[in-house]
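Participant: predicted model and sequence below, questions to follow.
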Amino acid sequence: MHALRRFLETSVGRKTVLAITGLSLFGFVIVHLLGNFALFSGTEAFNEYAQKLEDLGPVLMVAEVGLLTLFVVHMGLALSLHRQSREARPDDYRIRANMGRSTVASRSMLITGLALGVFLVIHITDFRIKKIMGDPAVADLGQAVVERITSPLGLVIYMGGIIALGLHLRHALQSAFQTLGLSHPRYADNVRYVSAASAALITLGFAAIPLYLLFTGQGASS
Amino acid sequence: MNAPPKLDSKVPSGILGDAWTNHKFALPLINPANRRKFKIVVVGTGLAGASAAATLAEMGYKVQSFCIQDSPRRAHSIAAQGGINAAKNYKGDGDSVYRLFYDTVKGGDYRAREHNVHRLAEVSVNIIDQCVAQGVPFAREYGGLLDNRSFGGAQVSRTFYARGQTGQQLLLGAYSALMRQVSAGRVEVRTRCEMVDVVTLDGIARGIITRDLETGAFERHSADAVLLCTGGYSNAFYLSTNAKTCNVTAAWRAHKRGAFFANPCYTQIHPTCIPVSGEYQSKLTLMSESLRNDGRVWVPKTKGDQRQPALIPESERDYYLERRYPSFGNLVPRDVASRNAKSVCDEGRGVGSTGLSVYLDFADAIAREGRATIEARYDNLFQMYERITGEDPYSQPMRIFPAVHYTMGGLWVDYNLESTLPGLFVLGEANFSDHGSNRLGASALMQGLADGYYVVPATVTAHLAGRKLERIDTNHDAFAEAEATSRARFDKLLNINGSRTVDQMHRALGQLNWDHCGMARTKQGLEQALKQVVQLREEFWSNVRVLGDGRSLNQALEHAGRVADFMEFSELMMKDALTREESCGGHFREEHQTAEGEAKRDDENFCHVAAWEYRGRDQQHQRHTEALSFENVQLTTRSYK
Amino acid sequence: MGGHNDETLSLTLNIWRQSGPDTAGDFETHSLEASPAMSFLEMLDVVNENLQREGREPFAFDHDCREGICGMCSLVINGKPHGPESETTTCQLHMRSFNDGDVIWIEPFRAKAFPVLRDLIIDRSPLDRIIQAGGYVSVNTGAPQDANALPIPKQNADLAMDAAACIGCGACVAACPNAAAMLFTAAKVSHLALLPQGAPERVSRALGMVEQMDAEGFGHCTNHYECMAACPKGISTDNIARMNREYLRASILSR
């Protein structure tokens, strides 16, 4: 365990774990998105899918605890690394120019990350906690979701969260490859394109759901 | 012409090829366990200093290393571009240790010691092995073996290189070895710390006084041996290719404590530098003379031809080096190339707005080998040229002019690299040995590393083993005296409060040296300059203005201390140039030339080293000589026709 | 570039003035007529000459070779380390890169690990200590095998040279939003990782240098790649990926 502690004491080690947890969470996001696509086939299909997950019982619990751990570790490491970097430059420049390589996405990782954290808390309290508590408001989970994400406030929060996610992923994916040393001049460009494309697809995928619902008149107001 | 006993060169007798091996065997050794009892001070962290400090520490000595930059990696060796010679004969083109030796003696215009040069050629082979073992990324061929090129007038390919950054890579190799010893606790490196005096006790060098450039604090450091690896004095000319902080101070301070200064008039003017653009010019930039492998040097045939180079037809161009030296062409040695550039400019055929430059044209090379090949060879140099001049050398010829680049003169040392002040060893450009009156290209790196990695570790050991060295305490009067002298000197500089800045005074000195002690020298000019330099020095000490205080970082004060020493040194350089009534290598006296304008040596009267002894403030320097004998290479007139 | 060599530039310069490491600093404003053919440091030389003639102390700034290789010069010019031109050190930057009437802000490199010593001069000794932590091949001076006994593929030798070209100026740290020294450290780790000579100490080198880098108080890498854009030698961030890989490998293999 000494080796692990030594590993986690360096910024490169912590970044490695950050990248691995990040990629795992990315995997979860994909699964989550695919699950949400059930809404395109109506709330029943969605509820069926949700029930299948519920039926997993203890497996689901383990997965949820695992996910929570990933989130906590990912955020904890990000914050500790961020602190290290803030301390590394106590007096900032009076004039600061961009050298031209950093992007809006790369510079806003902390903000988009924190926004995602807030979104997640809202998201989990809205649905998962209520579900576990047996709140009747989410007895028909599919309907509850549809109402929530098509209501004006819900839509704003949802879209905000999705944009934060998209921006976060935009930088995170290729960054994780770089951090894990999975970079090679021969396919580095492809890694960048693929990660940009997947960030875009995921953003569009999530954004499509409420828009589809609204345009097909299945929204909360209908 | 017998050398007085003060100049015992200690050159071993016997066959040239065995001399170094036999000499090393005869030198006493010190048991590994006893070495840590000895402390060695190494001043300077260039190739010579870093390699010596690292090697001595590896052997087990306690080493203290000093540099004036903020890191040992920044010493000026880093700027050498072209390469390093070694008699490996990897190209199978007939090279050998003997040929490298022969070329170096001949290239030095027969003013170097045969034995020193032969040793240099011998260890050149080990240097490459050592550097490769350290991970120096020399250029390689597709088969994975090391690449070589022909360089600076050599007719064999013996130059190893790392792009255009050979000096940098070799220095980083030596620096990494030094850092390894720092982490092992055997070397203490003091950065931003300048040696301001040598401390002697019973006629032996036993330590140094330094000034911490951050705090201004004077410090005393005792030692069992002191190594000066402090580079050359090109900045006496103000404009040179040397880094701005290169200076003669450490050598000059040692000189005033008893180390003779040899051949100060041997200064090398490098033919391929970027010309001066204005009066604010702070330094000159050298471009590797490897450029002359592919570039053709020319000027217009007619005086004052102001046309753009592309508009001057082939028939109206004078490729003067190819014309005058058909067998060497553009690859004649540096001094020959420089002097020829000066003479065509003196004729009024120089190009550019100042008329002080000649063309170096790559059009033919690009047409012959393609732009890609030329890019692969020289792109970093071409980019550097464009950055500085705003002109693109791929589409128009470069403009070049000679500039002071290297100094062959330096503190006199014997075969063991020990100066006339026992216990004080001098390495690299700071000593006078090996290059005679002219250094061949790619030989400076070789000499610095030979001295540091291979020569001095053997000979310093002999000094430590052979002499009875009393324990010395820095409370000793000798330290107190040296420190007080240094303090007083800096205090004085701060209190003159005159009206001219240090930089102004330095420029004035540089102009004087360049005009009268530069590429071509005359008796009359030197005599006049000698008077002016004394006046300039007096003005310096009465009218210089150094602001700020001595208790914190003060760059003007640092500079003032160095310029003060250049002022004194320049007088000696001129005196040496005046006394040497011949032309040889980097020393060209207009009175001594052939009908064709070539240098005319006087082997009868000047086949010797001139070593100057400092005899006190109000005394004249005394000139000593060490006769040079050539038993292996016949004395002939150099001819590059 | 070029073209207007006879003109002069009227400049307003805001230059950082700080008397020592423990005192607060601020900008001082000066105006200057400069020639486009001057180097940036020659322009500062002129400022300093003028100041001294007026009896005011010159600005302290680091410089040495003035040909872009020693790594001594620094400065953040209008927010960019080594100024606006790519792959150009401050000493190689020429005033033709600026326009008449420009306002130029000149600051020191800023990082906790690089404290300001005076005006524009900083302490970069942490970089030496990172090298001390493993940036070498442990070979004593002696009689190693013949240099050609160890063939190295040209491609690797070239990549190693690309990484070894680092001049240790610290611009990567200065440009990094996190003040990280990753590019500097990675350049050395990569140079030696690409060569067989570096293989025996791969593990200890990667661990030692990364740990030292953190111990010096540098920030962490968030892969902005600003360092690569600021690097006067154009060192690639591929080297950072290689170091990450080396470090991960070393962590798994170390005992």
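Facilitator: That came in fine, so what should we check first?
Participant: who are the contact partners of B:N554?
Facilitator: Listed by C-beta atoms under 8 Å, 6 or more residues apart in numbering or on different chains, the contact set of B:N554 reads B:216, B:546, B:548, C:60. C-betas here are computed from N, CA, C, even on glycine.
Participant: if you set the cut-off to 7 Å instead, what comes out?
Facilitator: Going by C-beta atoms under 7 Å, 6 or more residues apart in numbering or on different chains, B:N554 touches B:216, B:548.
Participant: and B:L424, by the same measure?
Facilitator: Residues in contact with B:L424, defined by C-beta under 7 Å, 6+ apart, are B:198, B:205, B:226, B:228, B:254, B:259, B:418.
Participant: any part of the longest helix along chain C near chain B?
Facilitator: Within chain C, and with DSSP state H defining each element, the longest helix by residue count is helix C:238-253. No - applying C-beta under 7 Å from any C-beta of the partner chain, one finds that helix C:238-253 is not in contact with chain B, the shortest distance being 13.6 Å.
Participant: centre-most residue in chain A?
Facilitator: Among the residues of chain A, the smallest C-alpha distance to the mean C-alpha position (C-alpha atoms, centre = their mean) belongs to A:L165, namely 5.2 Å.
Participant: cool, chain C as well?
Facilitator: For chain C, the residue nearest the mean C-alpha position is C:C169 (2.3 Å; C-alpha atoms, centre = their mean).
Participant: and what about it, helix, strand or coil?
Facilitator: Here C:C169 is coil, with the state taken from DSSP: H, G, I helix; E, B strand; the rest coil.
Participant: per-residue pLDDT of B:T474, please?
Facilitator: Residue-level confidence at B:T474 comes out at 97, pLDDT.
Participant: who touches the nearest residue to B:S290 once chain neighbours are set aside in this structure?
Facilitator: Once flanking residues are discounted, B:S290 sits nearest to B:G82: 4.8 Å by C-beta to C-beta, 6 or more residues apart in numbering or on different chains. Contact partners of B:G82, counting by C-beta under 7 Å, 6+ apart, are B:151, B:159, B:161, B:166, B:288-290, B:441-442.
Participant: filter those residues down to the ones in helices?
Facilitator: Of the contacts of B:G82, the ones assigned to helices by DSSP H are B:T166.
Participant: nearest to C:A181, of the contacts of B:G82?
Facilitator: B:T166 (26.4 Å; C-beta to C-beta).
Participant: and the contacts of B:G82, which of them are in strands?
Facilitator: The strands, defined by DSSP state E, take in B:T159 from the contacts of B:G82.
Participant: report how many residues lie close to B:S570.
Facilitator: B:S570 has 28 neighbours, counted by other C-beta atoms under 10 Å in any protein chain shown.
Participant: now B:A259: closest residue in space that isn't a chain neighbour?
Facilitator: In this structure, B:A259 finds its nearest non-sequential neighbour in B:S419, 3.9 Å apart by C-beta to C-beta, 6+ apart.
Participant: same question, B:D294
Facilitator: Looking at B:D294 with C-beta to C-beta, 6+ apart, the closest residue is B:A365, at 3.9 Å.
Participant: do B:A33 as well
Facilitator: If the residues on either side of it in the chain are set aside, B:A33 comes closest to B:G60, at 7.9 Å by C-beta to C-beta, 6+ apart.
Participant: that neighbour and B:N34 touch, don't they?
Facilitator: No - counting by C-beta atoms under 7 Å, B:N34 is not a contact partner of B:G60; they are 8.4 Å apart.
Participant: do stretch B:490-508 and chain C meet at all?
Facilitator: Yes - remark: stretch B:490-508 sits within contact range of chain C at B:501, B:503, by C-beta under 7 Å from any C-beta.
Participant: tell me where the chain has helices.
Facilitator: The chain I'm using is chain A. With DSSP H, the ranges of helices along chain A come out as A:2-9, A:11-36, A:43-55, A:58-88, A:104-107, A:109-123, A:130-133, A:141-150, A:152-179, A:188-215.
Participant: look at chain C instead
Facilitator: With DSSP H, the ranges of helices along chain C come out as C:40-53, C:125-132, C:154-164, C:171-175, C:182-193, C:202-215, C:226-230, C:238-253.
Participant: need those helices in JSON lines with mean neighbour count, mean pLDDT and distance to B:S542, can you?
Facilitator: Supplementary listing: the helices of chain C in JSON lines, determined by neighbours: other C-beta atoms under 10 Å in any protein chain shown; pLDDT from 0 to 100; distance: least, C-beta to C-beta, whole Å:
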{"stretch": "helix C:40-53", "mean neighbour count": "20", "mean pLDDT": "97", "distance to B:S542": "17"}
{"stretch": "helix C:125-132", "mean neighbour count": "22", "mean pLDDT": "98", "distance to B:S542": "39"}
{"stretch": "helix C:154-164", "mean neighbour count": "20", "mean pLDDT": "97", "distance to B:S542": "50"}
{"stretch": "helix C:171-175", "mean neighbour count": "30", "mean pLDDT": "98", "distance to B:S542": "43"}
{"stretch": "helix C:182-193", "mean neighbour count": "29", "mean pLDDT": "98", "distance to B:S542": "47"}
{"stretch": "helix C:202-215", "mean neighbour count": "22", "mean pLDDT": "98", "distance to B:S542": "51"}
{"stretch": "helix C:226-230", "mean neighbour count": "25", "mean pLDDT": "97", "distance to B:S542": "47"}
{"stretch": "helix C:238-253", "mean neighbour count": "22", "mean pLDDT": "96", "distance to B:S542": "55"}
